[in-house]
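Asks: Following is a predicted model, sequence given first.
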Amino acid sequence: MTDAPSSHPKLERIARAVIEANKYMTLATADDAGRPWASPVYYTPEGHDVFYWVSSPNSVHSRNLAQRPELSIVIFDSQAQIGAAEAVYMVARADIVPEGELERCAATYGSRFPELRVFRPDELWAPAELRLYRARVAEHSVLVRGSDPDFGRGVDTRLVVNL
């Protein structure tokens with residue numbers, strides 16, 4: 001559960017740092033019946049409110065997004081010490097990048113790390129086996145530990161931030 005929209009520079013810095021430092025995000029989708037599905041995917045952010053990933057349109061999360069484009073996303077460092085984790089939670093809407101935007105968006109996706117492959121637009125459009133997906137974030141929130149000296153409330157909570 002998140003609190004009403006508020007923001008603070010310290011929390012905003014945490015959110016940006018988590019997004020920029022990690023390579024994988026977990027997508028939380030649901031099918032038409034409401035059955036949840038979580039999938040980790042490699043991502044490239046464009047700023048802090050647009051995220052790209054490449055996936056098969058036949059994967060469970062992609063089929064779910066075709067039915068229900070709303071999703072939740074979490075990014076965190078799974079190697080963090082217990083009690084030291086930081087996380088960014090997001091509410092977003094996803095789509096397949098339209099053919100006319102594929103060249104620019106595929107270049108953005110492939111630009112994050114040198115080991116990433118830059119896909120050609122024809123490799124991400126039918127009849128190819130992969131698609132470039134994009135999530136546009138409507139809300140960000142950060143994990144605040146209960147013991148945080150500035151924002152702690154005794155139990156871990158999430159606070160909305162504006163990025």
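Replies: That came in fine, so what should we check first? Residues are numbered from 1 along each chain as shown.
Asks: buried ones in the strand ranked longest in the chain?
Replies: As assigned by DSSP state E, the longest strand anywhere in the chain is strand 131-144. Neighbour-count burial for strand 131-144 flags 131-135, 137, 139-144 (criterion: 16 or more other Cβ atoms under 10 Å). Where you see a C-beta, it was placed from the backbone N, CA and C, and this is true even at glycine.
Asks: what's the answer for stretch 145-154, then?
Replies: 145, 151.
Asks: And that stretch, end to end?
Replies: End-to-end distance for stretch 145-154, by Cα to Cα, to the nearest Å: 8 Å.
Asks: Run through who's touching that stretch.
Replies: 8, 10-11, 83, 144, 155-157, 159 (Cβ atoms under 8 Å, 6 or more residues apart in numbering).
Asks: So which of the residues you listed belong to strands?
Replies: Among the contacts of stretch 145-154, the members found in strands (DSSP E) are 144, 157, 159.
Asks: Can I get those residues in JSON lines including pLDDT and distance to Gly34?
Replies: Shown next, in JSON lines, are these (pLDDT from 0 to 100; distance: Cβ to Cβ, whole Å):
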{"residue": "Val144", "pLDDT": "86", "distance to Gly34": "29"}
{"residue": "Thr157", "pLDDT": "85", "distance to Gly34": "26"}
{"residue": "Leu159", "pLDDT": "91", "distance to Gly34": "27"}
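Asks: Return the member of those nearest to Phe119.
Replies: Using Cβ to Cβ, Leu159 is the member of these that sits closest to Phe119, with 36.5 Å.
Asks: Tell me how many other residues surround that closest one.
Replies: By other Cβ atoms under 10 Å, the residues close to Leu159 number 22.
Asks: now the angle between strand 131-144 and the helix or strand of the chain with the lowest mean pLDDT, please.
Replies: The helix or strand of the chain with the poorest confidence is strand 157-161; it has a mean of 91 (mean pLDDT, DSSP states H and E). Here strand 157-161 points in a direction 120 degrees away from that of strand 131-144 (axes from the mean of the first three to the mean of the last three Cα atoms, to 10 degrees).
Asks: Output the contacting helices and strands for strand 157-161.
Replies: Applying 3 or more Cβ pairs under 8 Å, 6 or more residues apart in numbering; DSSP states H and E, one finds that strand 157-161 contacts helix 9-21, strand 131-144.
Asks: which one of these lies closest to Glu99?
Replies: Evaluated over these, closeness to Glu99 peaks at strand 131-144, with 10.2 Å, by Cβ to Cβ.
Asks: could you dump that closest one to CSV, C-alpha only?
Replies: C-alpha atoms of strand 131-144 as CSV (Å, rounded to 0.1, in the frame of the first residue of the first chain):
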residue,chain,number,x,y,z
ARG,A,131,8.8,-7.7,-30.0
LEU,A,132,10.0,-4.6,-28.3
TYR,A,133,7.7,-3.7,-25.4
ARG,A,134,7.4,-0.4,-23.6
ALA,A,135,6.0,0.4,-20.2
ARG,A,136,5.0,4.0,-19.5
VAL,A,137,4.9,4.7,-15.7
ALA,A,138,2.0,6.5,-14.1
GLU,A,139,3.3,6.2,-10.5
HIS,A,140,6.6,5.5,-8.8
SER,A,141,7.0,4.7,-5.1
VAL,A,142,10.0,3.6,-3.1
LEU,A,143,10.5,1.1,-0.3
VAL,A,144,11.2,2.9,3.0
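Asks: Thanks a lot, catch you later.
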